[in-house]
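Undergrad: Here is my input; please provide its structure:
(chains A and B, ligands or ions: 2)
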Amino acid sequence: MIRKKICMLGAFAVGKTSLVRRFVEDSFSDRYVTTIGVKVMKKQLTHRGRDVTLMLWDLHGDDAFQTVQSSYLRGSSGLLLVADGTRAETVTVARRLLALATDQAELDVPFLLLINKADLKADWDLEAADIDEQLAGWTVLETSARSGDGVEQAFELLTARMMERDAD
Amino acid sequence: MPDRKPTTAEEATLEELRNLLLGQERAELKELRDVVNGARLAPEDIGRILPAAVRSRAEGDQELTAALTPAIESAIEVSVKRNPAVLVDAIFPVIGPAIRKSIREALAGLTETINTSIEHSFSPKGLRWRFDAWRTGVPFSEVVLKNSIVYRVEQAFLIHRSTGLLLAHATSTPATGSDPDMVSAMLSAIESFVSDSFEGHESEGIGQVEFGAQLLEVAHGPTAILACVVRGSLPASFRTRLRETLEDIHSAKSDLLRDFDGDTRSFEDTQLKLEQLLVEERPKQARRSLAVPIVLGLGFSLVLVLVVVLALRSYDESQRWQDAREALAQEPGLITLVEQRTEDGYLVGGLRDPHARDPLDLLDDFGIARDLVEGRWAEHRSDDVEIVRRRTLDTLALQHGGADLHVSWDGLDLALSGRAPHALASRIRDLQASGALVGLGALDLTDLRDHELDTARAKAELVRGLQLSFAAGSSTAPSGLDEAAIEDLAAYCAAQGIDLAFGLRFEPGSEPGADLLLQLQRREHLEARLAELAPGATLLGHRALDPAGSSSVRLLVALDSKQP
Ligand SMILES: Nc1nc2c(ncn2[C@@H]2O[C@H](COP(=O)(O)OP(=O)(O)OP(=O)(O)O)[C@@H](O)[C@H]2O)c(=O)[nH]1
Ligand SMILES: [Mg+2]
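TA: Numbering: from 1, shown residues only, chains lettered A, B, ... in the order given. Ligands and ions are numbered 1, 2, ... in the order given. Now for the predicted structure:
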């Protein structure tokens, strides 16, 4: 049995909790209940014939009231940075949180950037080209916790990257 | 030696000659010279002689030790500065037992002994235990412990410390709803929280976490955590055992723990060790023994009373603290993660719902002065029934109920009945619709009546009854002026504190009437009549009902509430 800890990081209300809920329970709610502290959920999957248990640490969003504490990040094998396509500034927050993870929590682990709320693409506040320019070398995926598009793929890609890292 | 350097050929010849003449001695001589000059001592040579040298020197006196100490000290210092973990990991298996041993000796199960002995001293059972102790020569405290401690270790978790991932798990109760993976993660999250919030106080992590009747007993090593779910009261000896098991695991698996990458297969063999922790202890069934209490007699009892009185004194404070801790654990909306004595008081902290009681107040009730307590609380939202109720009433601004409003709870379901002022009633409905009442179950408003709406409706009823008819072309006394109804209405309005005003209007489609004078006369007439019937009321307007301006007029009441 392989177990891995993954942290969800991002600004508030970008949809971290919703993405985890979509992935674990395959459900979605429009109600916004902000996360206080951390909520852990668990998901089992198989990767190339091996059982993998993902422990998903859904951290509270970074805002003026609660800043993400690096001690929650300790021991993570992978990170999902989440931004909200309708709020361009959330990409900046994601970059800052990655810096926190690498500098303060000393993590050097695979990560992906998810631009969430793809179902609202008409209202998006940023262009894919902007992101690519800002974040050379990052893997950026579009997701929608509401429709489920891209969610499973994102978690599976991160799992694959973590497992590759172990194989090296 | 001549200044001129010999040529190579000359040198070779000379060398040969020297060898022939001196041979063996020459080699020895060179070796000696090298030693004397201290030159070219090969590291291997030193390595060979060093242990022997140190040993022989150390047998003689302390000088070598004295010489080496500063160097070693500074080497350790450097190592610790560079990465303390290395040293801590190395020392942990040694230091753990040492610390425990000294603590064990110092405390010797003090609290448990005192607690239980006080509890049992006056009971017949307690007297019998005294007797047993006296008879067998075993200390009384031991007898008490043996007889009264009942506990069961239900689950054991081995958790990787930095990732919070479960390495191994054992359980004695197969169908326990809790998911071991989740327990591990949550414990780890709580520890992170605590280490952030209580830096400097709690570097060791959490020792115990209470979950209702159950207790999570936790032991920490540098790279792993061992936690057990326990029911009942745990003897100190179990804690020792827990630590020892953890140390065993640390020394057997230190490399695997350090390089852990999520693959738990290599920890499967620790399962057995965890299973050995799943112990259970029941109180021994008492044998009947008739003679005992009588034999003890009065004298012994007196001595006992004395002992107990003395013990109670010093015990009072710790008992109050103990009670306060229990009360904290029971208090809705508080999740106490840390409660401990510090040098100069107490430290308590954890998570607190804004609607929970102030922990300082609570401690104060137990005679623990506020200025002795340092509280550190982070906010959280509790699902506790009591708290959800308080929060709901607070949000609805109903903390104190209302004179006419009745609040009734069934679990998390709330039913409001009775009358509320319009502003409140509509606010309640808005809040219900917006989903802002977090944690609340059903909200039943079927019996909630809107005070003002009710009044307005009641008035509307009255108004409908006031139909005035003027004879065609007449401006005086309409035949059907219902004086009693107007008086009623005036009295009602006065009782309700409502200004009364009358208005007259056309029915839709009708014209102001060609005969303006007639209209004015009618108005004057009505005004005069109303002034008699309802002093203080004003006539707001006047319109005839039909185009001919002949038949009837409808009276309207303008409800102009004086009070909010
Ligand atoms: N349209 C749309 N709405 C979304 C999507 N994902 C999340 N939301 C909504 O966005 C709001 C915030 O979602 P959460 O998942 O609670 O956000 P969060 O990042 O966990 O927020 P914090 O815990 O406060 O940091 C909720 O109202 C969700 O319903 C999405 O993919 N599409
Ligand atoms: Mg959230």
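
Undergrad: Kindly report the residues of chain A close to ligand 2.
TA: Taking CB under 5 Å from the ion, the part of chain A that reaches ligand 2 is made up of A:Lys16, A:Thr17, A:Thr35. The way it works is simple: take the backbone N, C-alpha and C, and place the C-beta from them, glycine included.

Undergrad: For ligand 2, give me its nearest residue in the stretch 101-250 of chain B.
TA: Taking CB to the ion as the measure, the stretch 101-250 of chain B has B:Ala189 as its residue closest to ligand 2, at 14.2 Å.

Undergrad: Just the CA trace of stretch B:439-446, in CSV.
TA: What follows is stretch B:439-446, C-alpha atoms only, in CSV (Å, rounded to 0.1, in the frame of the first residue of the first chain):
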residue,chain,number,x,y,z
GLY,B,439,-25.8,24.2,11.5
LEU,B,440,-29.5,24.7,12.2
GLY,B,441,-31.8,21.8,11.3
ALA,B,442,-35.4,22.7,10.2
LEU,B,443,-36.8,26.1,11.0
ASP,B,444,-40.6,25.9,11.5
LEU,B,445,-42.3,29.3,11.2
THR,B,446,-45.9,28.1,10.5
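
Undergrad: That stretch near chain A anywhere?
TA: No: for stretch B:439-446 and chain A, the contact criterion (CB under 8 Å from any CB of the partner chain) is not met; the two come no nearer than 10.5 Å.

Undergrad: and that stretch, what's its mean pLDDT?
TA: Averaged over stretch B:439-446, pLDDT sits at 81.

Undergrad: Which parts of it count as buried, going by neighbours?
TA: Using 16 or more other CB atoms under 10 Å in any protein chain shown as the burial criterion, the residues of stretch B:439-446 that qualify are B:Leu440, B:Leu443.

Undergrad: go on, stretch B:254-262?
TA: With the criterion 16+ other CB under 10 Å, stretch B:254-262 contains buried residues B:Ser254, B:Leu256, B:Leu257, B:Phe260, B:Gly262.

Undergrad: re the thing from before, okay if I get the residues of chain A next to ligand 2 as JSON lines plus secondary structure and neighbour count?
TA: Converted to JSON lines, the residues of chain A next to ligand 2 look like this (DSSP: H, G, I helix; E, B strand; the rest coil; neighbours: other CB atoms under 10 Å in any protein chain shown):
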{"residue": "A:Lys16", "secondary structure": "helix", "neighbour count": "28"}
{"residue": "A:Thr17", "secondary structure": "helix", "neighbour count": "23"}
{"residue": "A:Thr35", "secondary structure": "coil", "neighbour count": "17"}
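
Undergrad: quick one, phi psi at B:Leu437?
TA: phi -90, psi 80 (degrees, to the nearest 10).

Undergrad: you'd agree it is up against B:Leu431?
TA: Yes: the pair B:Leu437 and B:Leu431 passes the contact test of CB atoms under 8 Å, sitting 5.8 Å apart.

Undergrad: Check which helices and strands the helix or strand where B:Ile49 lies is in contact with.
TA: According to DSSP states H and E, B:Ile49 maps onto helix B:43-60. Packing contacts for helix B:43-60, counted by 3 or more CB pairs under 8 Å, 6 or more residues apart in numbering or on different chains; DSSP states H and E, involve helix B:63-82.

Undergrad: Give me the below-cutoff pLDDT ranges for the stretch 451-564 of chain B.
TA: When the per-residue scores of the stretch 451-564 of chain B are filtered using pLDDT under 70, the ranges that remain are B:452-486, B:489-490, B:492-523, B:526-527, B:530-531, B:533-564.

Undergrad: Show me which residues of it are close to chain A?
TA: Of all the residues in the stretch 451-564 of chain B, not one is in contact range of chain A (CB under 8 Å from any CB).

Undergrad: domain assignment for chain B?
TA: With automatic domain parsing serving as the domain definition, the record reports that chain B contains domains spanning B:25-80, B:149-281, B:290-379, B:385-446, B:452-559.

Undergrad: Spell out which residues of chain B are next to chain A.
TA: Remark: the part of chain B in contact with chain A comprises B:160-166, B:179, B:181-182, B:185-186, B:188-189, B:192-193, B:195-196, B:261-265, B:351, B:378-381, B:435, B:438, using CB under 8 Å from any CB.

Undergrad: With adjacent residues omitted, what lies nearest to A:Val91?
TA: Counting by CB to CB, 6 or more residues apart in numbering or on different chains, A:Ala83 is the residue found nearest to A:Val91 once chain neighbours are left out, at 4.6 Å.

Undergrad: Could I get the phi/psi values of that neighbour?
TA: For A:Ala83, the backbone dihedrals are phi -130, psi 170 (criterion: degrees, to the nearest 10).

Undergrad: give the contact list for it.
TA: Shown in contact with A:Ala83 (CB atoms under 8 Å, 6 or more residues apart in numbering or on different chains): A:Gly10, A:Ala11, A:Val14, A:Thr90, A:Val91, A:Val93, A:Ala94, A:Leu113, A:Leu114, A:Ile115, A:Asn116.

Undergrad: count of neighbours near the residue of the stretch 101-250 of chain B found nearest ligand 1?
TA: In the stretch 101-250 of chain B, the residue found nearest to ligand 1 is B:Ala189; the distance is 14.7 Å by CB to the nearest ligand atom. Neighbour count for B:Ala189, taken as other CB atoms under 10 Å in any protein chain shown: 19.

Undergrad: give me every residue that touches it.
TA: Taking CB under 8 Å, 6+ apart as the definition of contact, the neighbours of B:Ala189 are A:Gly37, A:Val38, A:Val40, A:Trp57, A:Tyr72, B:Gly164.

Undergrad: try 6 Å
TA: A:Val38 (CB atoms under 6 Å, 6 or more residues apart in numbering or on different chains).
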